[in-house]
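Enquirer: Starting from these lines, generate the structure:
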Amino acid sequence: MALDETGPGGVSAAELADKRARVAALNDRYRHHGATAVLEGALNDPEAGDIAMVSSFGAESVALLHLVAMVDRNTPVLFIDTRLLFAETLAYQQEVAERLNLRDVRVIRTDEETLAQKDPYGALRFSDTDSCCALRKTLPLDQALEGFDGWITGRKRYQSSTRAALEFFELEEDTGRIKVNPMASWRPEDVRAYMDENRLPRHPLVSQGYPSIGCHPCTSKVAPGEDPRAGRWRGQEKEECGIHIVDGKAVRQGEKA
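Expert: Numbers count the residues shown, from 1 in each chain. Okay, here's the model as predicted:
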């Protein structure tokens, strides 16, 4: 590809090369730092650019939301309402936003017209969960992230095999955006300890057997000893909703779309 050519997301090869160098520099700079320092770097370091946070307000989300609030309560927080979420998640989102005094929470949804065209009966989830996730999660998120240089996620290495090599900073080569994973190295016990120490409210479904919480139709309870994400898309060969997937695979730093 010539340097003036663009990739699928309209990002030129020259821009991608520059962003790869920026991501590498950020990882070198913050490699031995903790989550708070990584967040401060993401939100204040010129190398990172203009950053938003994306949160599901799920089982462990409050820990990262609290960290972000401590660094900058004005950070844009994007919450994807798929219209298929548990009622408990919607109530929890409001409770946490108020408790942490998050000042720029943006609830994003696929518009009604697009839903009516592509999923008129709300039955797409029964025949094609990937397409349902793309319609209700990936599409509105891509639209909401326009204008941002990157976004903060709560992904952690322990959560699945596709996240085992997660770095603090990654490049989405199809969009040119930088993805920030400040809690990449945290273990479940680290999250629990942080939530206990800061007296953070738990998602009400966790105590009912839901350690990982997504949309109501595609989330089931997890039995003792099961993988925490076993209840997500149970019985399917699916580990991710799609917002961290490019061309059918999880993309890590250095991989091309």
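Enquirer: Render the CA-only coordinates of stretch 17-29 in CSV, please.
Expert: What follows is stretch 17-29 as a C-alpha-only set of coordinates in CSV (Å, rounded to 0.1, in the frame of the first residue of the first chain):
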residue,chain,number,x,y,z
ALA,A,17,2.5,4.2,10.9
ASP,A,18,2.5,7.4,13.0
LYS,A,19,-0.2,6.0,15.3
ARG,A,20,1.7,2.6,15.7
ALA,A,21,4.7,4.6,16.8
ARG,A,22,2.6,6.6,19.2
VAL,A,23,1.0,3.5,20.7
ALA,A,24,4.5,1.9,21.1
ALA,A,25,5.7,5.0,22.8
LEU,A,26,2.8,5.1,25.2
ASN,A,27,3.3,1.4,26.1
ASP,A,28,7.0,2.0,26.7
ARG,A,29,6.2,5.1,28.8
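Enquirer: Make 36 the first number, not 1, from now on.
Expert: In the new numbering, first residue 36, that becomes stretch 52-64.
Enquirer: Check the offset of it from the chain's centre.
Expert: Put simply, stretch 52-64 sits 20 Å off its chain's centre (CA atoms, centre = their mean, to the nearest Å).
Enquirer: ok, residues contacting that stretch?
Expert: 38, 46, 76, 80, 82-83, 202-206, 211, 213, 288-289 (CB atoms under 8 Å, 6 or more residues apart in numbering). (C-beta placed from N, C-alpha, C; glycine too.)
Enquirer: Next, the buried residues of it.
Expert: 54, 57-58, 61, 64 (16 or more other CB atoms under 10 Å).
Enquirer: ok, so of the residues you listed, who is nearest Pro217?
Expert: Nearest to Pro217, judged by CB to CB, of these is Leu61 at 11.6 Å.
Enquirer: which regions of this protein lie under the pLDDT threshold?
Expert: Applying pLDDT under 70 to the chain picks out residues 36-44, 193-200, 270-292.
Enquirer: Helices of the stretch 186-292 of the chain, residue ranges please.
Expert: Under the criterion DSSP state H, counting those that start in this stretch, the stretch 186-292 of the chain contains helices at 223-232.
Enquirer: Enumerate every residue touching the residue nearest to the spatial centre of the chain.
Expert: Central residue check for the chain by CA atoms, centre = their mean: the C-alpha nearest the mean position is that of Thr188, 4.0 Å away. With contact set as CB under 8 Å, 6+ apart, Thr188 has these partners: 89, 214-216, 279.
Enquirer: So which of those residues belong to strands?
Expert: Mapping the contacts of Thr188 onto strands (DSSP state E) picks out 89, 214-215.
Enquirer: Name the nearest of the residues you listed relative to Ala132.
Expert: Val89 (14.2 Å).
Enquirer: Quickly note the distance from that closest one to Ala59.
Expert: Counting by CB to CB, to the nearest Å, the gap from Val89 to Ala59 is 23 Å.
Enquirer: Regarding the chain, what is its longest helix?
Expert: In the chain, taking DSSP state H as the definition, the longest helix is helix 48-65.
Enquirer: my guess is Leu170 meets Asp154, correct?
Expert: Yes: contact criterion CB atoms under 8 Å: Leu170 and Asp154 qualify, at 6.0 Å.
Enquirer: Show me which of the two is the more surrounded one.
Expert: Leu170 (21 against 18; other CB atoms under 10 Å).
Enquirer: Double-check that Val103 belongs to a helix.
Expert: Yes: assigned with DSSP: H, G, I helix; E, B strand; the rest coil, Val103 falls within a helix.
Enquirer: Next one: it from Ser90, what distance?
Expert: Distance from Val103 to Ser90, by CB to CB: 9 Å.
Enquirer: Which residues are in contact with each of the two?
Expert: Common contacts of Val103 and Ser90 (CB under 8 Å, 6+ apart): Val112.
Enquirer: higher neighbour count, those two?
Expert: Val103 (26 against 23).
Enquirer: which residues touch that one?
Expert: Val103 neighbours (CB under 8 Å, 6+ apart): 74, 88, 110, 112, 137, 187.
Enquirer: how near is the first one to Cys167?
Expert: Here the criterion is CB to CB. By it, Leu74 lies 32 Å from Cys167.
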